[in-house]
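*Asks:* what's the 3D shape of this:
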Amino acid sequence: MTRQIERILIANRGEIARRVIRACDQMGIVSIAVFTEADKDMPFIREAKTAVCLGADTQAYLDMDAILKAAKATNADAIHPGYGFLSERADFATAVEKAGIVFIGPTAHTIECMGSKIGAKKLLAGKAPLVPGLTSGTVEEWVIAAEKMGYPVLIKASAGGGGRGMRVARNADELKEAMKTAEGEALRAFGEGSVMLEKYVEEVKHIEVQIFGDAYGNVIHLLERECSLQRRHQKVIEEAPSPFVTPELRKKICASAVEIAKMLNYRGAGTVEYIVDPKTSDFYFLEVNTRLQVEHPVTELVTNLDLVALQILVAMGVKMHDALGQVRLDPTKPALTTSPVSPIGYATEVRVYAEDFNLMPTVGTVKLWESRQVAKNIAFHNAVESGSEISVHYDNMISKVVGWDAFSREACIRKTARALKDTTCFGLTNNKLFLLSILQHEEYVEGLKICTKWIADNHNLLKSIAFGMLSKDLVFESAVAGCIWGAMQGGKPHLRHLPGGWSNTRNRTETKLMKVLKNTHGILPGGLGEADDFGDVPMMVKHQKDRRGIFTFTCGEKKVAGIELLSIEPLPLYTVLRVKFGDRIKTFLVQGDASKSINEKEMFVCEVETGVEVAFVKVPMLLYPSGDNTEIATTRPCSQTNYTFTANQTEEDPATANLPGKKVACPIMAKVFKILKSTGDTVTAGETVLILESMKMETKVTTPFSGKLTLKVKPEELTRTGKTLFTVEE
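*Replies:* Sure, this is the predicted structure:
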């Protein structure tokens, strides 16, 4: 029996909300968004046909009553939960169905059985290969079990996913502390704080199988995905098919997933996750995610299926055989009628996050988000647009960039890397350079050695690859482009080819002092000079323009003459400059605000070939004894992925500049979640003083000094990067 769905409320936000909205638009269904005031300017609200504000509470996406009230007020036929938040809450699915609204997902019974990892392990004991562990017990019982299994062990949230509520412990003390932390993170992220204990196997492959079922008992698989590249137990790069999985292993692991799904009478989209021993190809059941996965686009590309549309049709009661024929991405290709035997080509997805090279989350405003990639087989699943804000309250995903190639995995990787380079993110620390470092690593390209600890083991090598893209020459050339752009904003450029409205002035020498700041990931190109006491590297840049508009730039011992601006193209959000350096021509994107005074002006620069970004923030002008016109520009490498900068974030906090004692600054934009010590306490180096929370993840802040403590923050206070958290008098 089928049921028509005409209005879908999306109980989620960001990238997945936009994805469901696109599917609704293509199917002629009205999309309804819900949002908190913190999200009021996000693009998914504008793209939905209508939207309902849930209020100021940033946790409102977990408020079942508020979401059901919004659904009733907008006459929604169905609710799509997306991923995270309430997507794996059986009580939410029950409440939706009781309200007479279709829940686009598995039944509440299935979610109760499998949405809880604890319940799943109990149900599948003896029916599927399981990782050793405990699903309940006291702290003392867990310590005893861990000793028997052998450390390390993993404490894992029973609900949800995405790495939240997961901690590795390597001894009994870490186990006790990790239990508390994991429970707290799980409760805040998913509204349910139960955790479980498992043996932590460090060198394994993470392979998952996409399953789909209808309301009539028909269950299929849609092949496997490789998700082994992870940091903080969160996936970073996914692909389909797995380069490790042979046809024989694919047949076995997919059959196991379908058997589990049939056991559950599974309906809708789901994923059965496994860990695989790369030495023996033995696989062990990990969990079932009873929802759509973040990485579903790679499966869509290698099966030619729109999985969100398939979810909706199944929720309407359409049989699987009929639904498969209606959701083809390319209608010219034959429709599936059952589980595919082999994939169509190769797909790779990279997750662009707001985080630094140390994999710590960052926040801020996206000054520019734009892709110049026009390749047919590249897709962007963006959470943001230019002007969007990444806050401490929610996930720090910026976008998913997905590439596909019909014939070659290597070609797919190459296309994805090029698409990433052709994407510009100004104003926000992001992981573009980190992702590009992985995509260019020979072991990743080869594919077989990738495992869940590969990123941790290769972090320093990835930095060295990043240094190959982030060089002092690139910083210098970006500074040149920024200086030329800045000169034009003054209205008196010395250029050979001048746009209308510009004129030349007399020949003169200008000097700019740029402080290249050491950011939290510590990636700075070598050879810039000696760092000051704050770890920043002053870089003096002089430039002279002759009457023909030809530049000579000098930075330390480096002097480059014959620099010429070939063309300039102002666009709505940025300006494109083509600059000739001797016999080389480079293209730069430059963005700034010409309406502000010169002392406040920001300039963001992206070198197009490499995709590496640099930003400059000018601070008050000084007059040098020589009489040269001088500006100090503060620059900051703000992306593990590139050289994006934000002003003054590591400079000394003016509010505590004259306080006695040694200061400990906030490493990230975050909320003070818990303070463990009090002002006046005597602390010892290495002790944890407080805990920060950002994007539902906890970060401990320890003191590197011993002495008398003075706190400078309060619980629940929002702090910025560089703000003094506490001081210690030795």
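*Asks:* Any chance you could give me stretch 137-149 in CSV, C-alpha atoms only?
*Replies:* Output of stretch 137-149 as CSV, limited to C-alpha atoms (Å, rounded to 0.1, in the frame of the first residue of the first chain):
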residue,chain,number,x,y,z
GLY,A,137,29.0,-3.2,34.0
THR,A,138,30.6,-1.1,36.7
VAL,A,139,33.9,0.8,36.4
GLU,A,140,35.6,-2.0,38.4
GLU,A,141,34.2,-4.7,36.1
TRP,A,142,35.4,-2.7,33.0
VAL,A,143,38.9,-2.4,34.4
ILE,A,144,39.1,-6.1,35.0
ALA,A,145,37.8,-6.9,31.5
ALA,A,146,40.2,-4.5,30.0
GLU,A,147,43.1,-6.2,31.8
LYS,A,148,42.0,-9.5,30.4
MET,A,149,41.5,-8.2,26.8
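*Asks:* Could you tell me which residues within it count as buried?
*Replies:* 142-143, 145-146, 149 (16 or more other CB atoms under 10 Å). Quick note: C-beta positions are derived from backbone N, CA and C, even for glycine.
*Asks:* helix or strand right after the helix or strand bottoming out on mean pLDDT in the chain?
*Replies:* Taking mean pLDDT, DSSP states H and E as the measure, the helices and strands of the chain show their lowest mean at strand 629-635, namely a mean of 37. Next along the chain after strand 629-635, taking DSSP states H and E as the criterion, comes strand 662-665.
*Asks:* That next one: partners in the sheet, and parallel or antiparallel?
*Replies:* strand 724-729 (antiparallel) (DSSP bridges).
*Asks:* Return the member of the buried residues of stretch 137-149 nearest to residue 32.
*Replies:* Residue 32 lies nearest to residue 142 out of those, by CB to CB, at 43.8 Å.
*Asks:* That closest one in helix, strand or coil?
*Replies:* Of the three states, residue 142 takes helix under DSSP: H, G, I helix; E, B strand; the rest coil.
*Asks:* That one and residue 197 touch, don't they?
*Replies:* Yes. Between residue 142 and residue 197 a contact is recorded at 5.2 Å, counting by CB atoms under 8 Å.
*Asks:* Quickly list what's touching both of these two.
*Replies:* Residues touching both residue 142 and residue 197 (CB atoms under 8 Å, 6 or more residues apart in numbering): residue 134.
*Asks:* Which stretches in the stretch 301-450 of the chain count as strands?
*Replies:* 346-353, 364-365, 368-371, 378-382, 389-390, 397-405, 423-426 (DSSP state E, counting those that start in this stretch).
*Asks:* can I get those in TSV with mean pLDDT, mean neighbour count and distance to residue 137?
*Replies:* Shown next, in TSV, are the strands of the stretch 301-450 of the chain (pLDDT from 0 to 100; neighbours: other CB atoms under 10 Å; distance: least, CB to CB, whole Å):
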stretch	mean pLDDT	mean neighbour count	distance to residue 137
strand 346-353	97	26	35
strand 364-365	88	18	43
strand 368-371	92	20	47
strand 378-382	95	19	40
strand 389-390	92	22	39
strand 397-405	96	24	35
strand 423-426	92	26	45
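*Asks:* can you list those strands in a markdown table and add distance to residue 689?
*Replies:* What follows is these, written out as a markdown table (distance: least, CB to CB, whole Å):
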| stretch | distance to residue 689 |
| --- | --- |
| strand 346-353 | 27 |
| strand 364-365 | 25 |
| strand 368-371 | 36 |
| strand 378-382 | 38 |
| strand 389-390 | 26 |
| strand 397-405 | 30 |
| strand 423-426 | 33 |
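*Asks:* mind checking which of these is nearest residue 613?
*Replies:* Across the strands of the stretch 301-450 of the chain, residue 613 has its closest neighbour in strand 423-426 (6.5 Å, CB to CB).
*Asks:* looking just at contacts, which helices and strands does that closest one meet?
*Replies:* The elements that strand 423-426 packs onto, with contact taken as 3 or more CB pairs under 8 Å, 6 or more residues apart in numbering; DSSP states H and E, are strand 368-371, strand 397-405, strand 602-607, strand 613-623.
*Asks:* now for these, which one comes closest to residue 271?
*Replies:* Closest to residue 271 of those is strand 397-405 (CB to CB; 16.1 Å).
*Asks:* Quick check: residue 477 touching residue 607?
*Replies:* Yes. Applying CB under 8 Å, one finds residue 477 in contact with residue 607, separated by 6.6 Å.
*Asks:* so what sits against both of these two?
*Replies:* residue 586.
*Asks:* the strands in the stretch 1-150 of the chain, which residues?
*Replies:* 7-10, 30-35, 50-53, 78-80, 102-103, 133-134.
*Asks:* just these: most buried one?
*Replies:* Most buried of these by mean neighbour count (mean count of other CB atoms under 10 Å) is strand 78-80; its value is a mean of 28.
*Asks:* same question for it, mean pLDDT?
*Replies:* Regarding strand 78-80, the rounded mean pLDDT is 98.
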